[in-house]
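**Student:** Pasting a predicted model and its sequence here:
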Amino acid sequence: MKGGDYKVSEARSRNMSAIKSKNTRPEIIVRKFLHSKGYRFRIHRKDLPGSPDIVLPKYKTVVFVHGCFWHRHEGCKYKTTPKTRKEFWENKFNENIKRDRNNFKELKKLNWKVLVIWECQLKNLENFLII
(Lines give C-alpha, C1' and ligand atoms only; values in the text may rest on other atoms or scores of the structure.)
Protein backbone atom coordinates (compact mmCIF):
# COMPACT_ATOMS: atom_id res chain seq x y z
CA MET A 1 0.00 0.00 0.00
CA LYS A 2 1.19 3.51 -0.70
CA GLY A 3 0.77 6.84 1.10
CA GLY A 4 -2.94 7.62 1.33
CA ASP A 5 -3.94 4.05 0.44
CA TYR A 6 -2.94 2.81 3.86
CA LYS A 7 -5.94 1.97 6.00
CA VAL A 8 -5.43 2.37 9.73
CA SER A 9 -7.11 -0.29 11.81
CA GLU A 10 -10.02 0.83 13.96
CA ALA A 11 -8.17 -0.24 17.10
CA ARG A 12 -5.06 1.77 16.18
CA SER A 13 -7.22 4.76 15.27
CA ARG A 14 -9.03 4.57 18.63
CA ASN A 15 -5.73 4.30 20.50
CA MET A 16 -4.13 7.23 18.71
CA SER A 17 -7.17 9.50 19.11
CA ALA A 18 -7.19 8.81 22.86
CA ILE A 19 -3.68 10.23 23.30
CA LYS A 20 -3.93 13.67 24.84
CA SER A 21 -1.61 16.53 23.97
CA LYS A 22 -2.61 18.80 26.87
CA ASN A 23 -3.16 18.14 30.56
CA THR A 24 -1.34 14.84 30.40
CA ARG A 25 -0.47 12.91 33.54
CA PRO A 26 3.20 14.02 33.43
CA GLU A 27 2.11 17.67 33.01
CA ILE A 28 -0.24 17.42 35.96
CA ILE A 29 2.49 15.87 38.13
CA VAL A 30 4.80 18.81 37.39
CA ARG A 31 2.02 21.37 37.89
CA LYS A 32 0.98 19.90 41.25
CA PHE A 33 4.59 19.81 42.39
CA LEU A 34 5.24 23.44 41.38
CA HIS A 35 1.99 24.60 42.98
CA SER A 36 2.80 22.75 46.22
CA LYS A 37 6.12 24.62 46.37
CA GLY A 38 4.36 27.98 46.02
CA TYR A 39 5.04 28.66 42.35
CA ARG A 40 2.26 30.29 40.40
CA PHE A 41 2.02 29.80 36.67
CA ARG A 42 -0.10 29.86 33.56
CA ILE A 43 -0.67 26.92 31.25
CA HIS A 44 -0.65 26.58 27.46
CA ARG A 45 -0.17 30.27 26.64
CA LYS A 46 -1.02 30.54 22.97
CA ASP A 47 0.72 33.91 22.64
CA LEU A 48 4.12 32.25 23.12
CA PRO A 49 5.88 30.07 20.54
CA GLY A 50 5.00 26.42 21.04
CA SER A 51 2.22 27.17 23.53
CA PRO A 52 4.36 26.02 26.51
CA ASP A 53 2.84 23.54 28.94
CA ILE A 54 3.75 25.71 31.94
CA VAL A 55 4.68 29.40 31.99
CA LEU A 56 6.23 31.05 35.05
CA PRO A 57 5.96 34.75 34.09
CA LYS A 58 7.63 36.00 37.29
CA TYR A 59 10.77 34.03 36.36
CA LYS A 60 10.44 34.52 32.59
CA THR A 61 10.64 30.72 32.32
CA VAL A 62 8.65 28.21 30.28
CA VAL A 63 8.45 24.48 30.87
CA PHE A 64 7.69 21.86 28.26
CA VAL A 65 6.76 18.42 29.58
CA HIS A 66 7.70 16.16 26.69
CA GLY A 67 6.65 12.61 26.01
CA CYS A 68 9.74 10.55 25.17
CA PHE A 69 7.97 8.80 22.28
CA TRP A 70 6.62 11.88 20.49
CA HIS A 71 9.59 14.18 21.07
CA ARG A 72 12.31 11.50 20.61
CA HIS A 73 14.18 11.60 23.90
CA GLU A 74 17.71 10.49 22.97
CA GLY A 75 18.85 7.32 24.69
CA CYS A 76 15.47 6.71 26.34
CA LYS A 77 13.88 3.28 26.33
CA TYR A 78 10.50 4.90 25.60
CA LYS A 79 11.79 6.35 22.31
CA THR A 80 10.46 3.48 20.24
CA THR A 81 9.39 3.54 16.62
CA PRO A 82 6.29 1.69 15.42
CA LYS A 83 7.08 -1.21 13.12
CA THR A 84 4.43 -0.29 10.56
CA ARG A 85 4.60 2.77 8.32
CA LYS A 86 8.18 3.57 9.36
CA GLU A 87 8.56 6.35 6.79
CA PHE A 88 5.41 8.09 8.03
CA TRP A 89 6.59 7.89 11.64
CA GLU A 90 10.13 9.07 10.88
CA ASN A 91 8.72 12.10 9.05
CA LYS A 92 6.31 12.79 11.91
CA PHE A 93 9.06 12.57 14.53
CA ASN A 94 11.47 14.71 12.48
CA GLU A 95 8.80 17.40 12.11
CA ASN A 96 8.17 17.34 15.88
CA ILE A 97 11.89 17.76 16.60
CA LYS A 98 12.22 20.56 14.06
CA ARG A 99 9.15 22.36 15.47
CA ASP A 100 10.48 22.02 19.03
CA ARG A 101 13.87 23.49 18.06
CA ASN A 102 12.24 26.41 16.26
CA ASN A 103 9.96 27.13 19.22
CA PHE A 104 12.87 27.02 21.67
CA LYS A 105 14.91 29.35 19.47
CA GLU A 106 12.02 31.84 19.21
CA LEU A 107 11.41 31.75 22.97
CA LYS A 108 15.10 32.39 23.66
CA LYS A 109 15.02 35.37 21.27
CA LEU A 110 12.20 36.72 23.45
CA ASN A 111 14.47 36.23 26.51
CA TRP A 112 12.54 33.30 27.98
CA LYS A 113 14.38 30.51 29.78
CA VAL A 114 13.30 27.15 28.36
CA LEU A 115 13.17 23.98 30.45
CA VAL A 116 12.27 20.54 29.12
CA ILE A 117 11.14 17.83 31.50
CA TRP A 118 10.97 14.37 29.99
CA GLU A 119 8.18 11.94 30.78
CA CYS A 120 10.69 9.25 31.83
CA GLN A 121 12.23 11.60 34.41
CA LEU A 122 8.88 11.67 36.19
CA LYS A 123 8.23 7.92 36.26
CA ASN A 124 10.23 7.30 39.45
CA LEU A 125 9.21 10.60 41.01
CA GLU A 126 5.54 9.59 40.98
CA ASN A 127 6.28 7.22 43.85
CA PHE A 128 7.81 9.96 46.00
CA LEU A 129 5.64 12.98 45.29
CA ILE A 130 2.49 13.33 47.33
CA ILE A 131 -0.19 14.12 44.82
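**Tutor:** Looks like it arrived, so ask away. Since we're looking at a predicted model, the values are computed, not measured.
**Student:** For the spatially most central residue of the chain, which residues count as its bridge partners?
**Tutor:** Centroid-nearest residue in the chain: His66, 2.8 Å away (criterion: Cα atoms, centre = their mean). The partner list for His66 in beta bridges (DSSP bridges) reads Trp118.
**Student:** For His44, see how far away it is.
**Tutor:** 14 Å (Cβ to Cβ, to the nearest Å). Every C-beta, even on glycine, is put in place using the N, C-alpha and C of the backbone.
**Student:** OK, contacts around the residue nearest to the centre of the chain?
**Tutor:** With contact set as Cβ atoms under 8 Å, 6 or more residues apart in numbering, His66 has these partners: His73, Asp100, Val116, Ile117, Trp118, Glu119.
**Student:** hmm, 10 Å instead?
**Tutor:** Residues near His66 by Cβ atoms under 10 Å, 6 or more residues apart in numbering: 24, 26-27, 53, 72-73, 96, 100, 116-121.
**Student:** same deal with Val116?
**Tutor:** Per Cβ under 10 Å, 6+ apart, neighbours of Val116: Asp53, Val62, Val63, Phe64, Val65, His66, His71, His73, Asp100, Phe104.
**Student:** Ok, Ile54 next?
**Tutor:** Residues counted as contacts of Ile54 (Cβ under 10 Å, 6+ apart) are 27, 30-31, 34, 39, 41-45, 61-65, 115, 117.
**Student:** what helices or strands is the longest helix seen in the chain leaning on?
**Tutor:** Using DSSP state H, we find that the single longest helix of the chain is helix 86-109. Using 3 or more Cβ pairs under 10 Å, 6 or more residues apart in numbering; DSSP states H and E, the elements in contact with helix 86-109 are strand 61-66, helix 68-71, strand 113-118.
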